[in-house]
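Chemist: Please work out how this folds:
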Amino acid sequence: MCISVGSAKARSDSPELQRCFFQLSNLGMDPVILLGGFSAFQTLYPFLCTPRMILVELERQMLTIYPSEILEGALYQGSAKQASDYKIIKNLHISHVVNATANCPDAFPNTLSYLRLRLTDDGQQDLVEALPLASRFINAALRAEPAGRVLVHCSMGRSRSSALTLAFLMQHQHWSLLHALRWLKERRACTAPNVNFLRQLLTYEEQLFGRRLTSLDDIRR
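Modeler: Residues are numbered from 1 along each chain as shown. Model prediction:
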């Protein structure tokens, strides 16, 4: 749904819109240019739209915050709180969930398919089994008939869930870790896998492609 403001299409379609984008960015805002405009966005995401003008902080805090859409209409990443909100699950048509928390229970085990990976966000957690397990689970869900939609979550949706999402993007999109990380951060700004996870993802990259494509310095900048 989004288009890069620096792309040739964005420049040729609307130079005025691009100038507006940069002016808003310079004011500290975070604008997004939508393909098809607001009407196209509203058609796909009516639950994210409201006829009300949100003017004060209290009103903003009352809004439902949804998981980040990593692959359009397919893969989402978020927090344990979002994964336990049935309105979010229903609106996004989630069918499969990867639960990467150590203690948070599966919220809807009778209606959704779960992969439970009891992971801790620390320097000792081994992901050697979790990375391929999560990748296979996500891939099977997305390739099912009909195709499923997957939510990957940990407690805050920053470190453990990011490591699992990156592993899937590397394996099934055939992306380097650096490319996958850039893609993920564009769609989920809070992405922050810990250094232990980054090192294990570098090893996973080497296993997938037969050689190291990314350095630790590349992804810690």
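
Chemist: any idea how far residue 103 is from the residue nearest to residue 154 when sequence neighbours are not counted?
Modeler: Leaving aside its chain neighbours, residue 154 sits nearest to residue 160 (3.7 Å; criterion: C-beta to C-beta, 6 or more residues apart in numbering). The C-beta positions use only the backbone N, C-alpha and C, and glycine is treated the same way. Separation of residue 160 from residue 103 (C-beta to C-beta, to the nearest Å): 12 Å.

Chemist: of the two, who's got more company?
Modeler: The residue with more neighbours, out of residue 160 and residue 103, is residue 160; 29 against 8, by other C-beta atoms under 10 Å.

Chemist: Wait, that one touches residue 101, no?
Modeler: Yes. Counting by C-beta atoms under 8 Å, residue 160 touches residue 101, with 7.5 Å between them.

Chemist: which neighbours do the two share?
Modeler: Counting by C-beta atoms under 8 Å, 6 or more residues apart in numbering, the contacts common to residue 160 and residue 101 are 119, 154.

Chemist: Which SSE is immediately downstream of the lowest-mean-pLDDT helix or strand in the chain?
Modeler: Least confident helix or strand of the chain, by mean pLDDT, DSSP states H and E, is helix 8-13 with a mean of 51. Sequence order places helix 15-26 as the next helix or strand after helix 8-13, per DSSP states H and E.

Chemist: helices and strands around that following helix, which ones?
Modeler: Judged by 3 or more C-beta pairs under 8 Å, 6 or more residues apart in numbering; DSSP states H and E, helix 15-26 is in contact with helix 8-13.

Chemist: what secondary structure does the closest residue to residue 49 other than its chain neighbours sit in?
Modeler: Nearest non-adjacent residue to residue 49, counting by C-beta to C-beta, 6+ apart: residue 42, 4.9 Å away. Under DSSP: H, G, I helix; E, B strand; the rest coil, residue 42 falls in the helix class.

Chemist: got it, and residue 152?
Modeler: strand.
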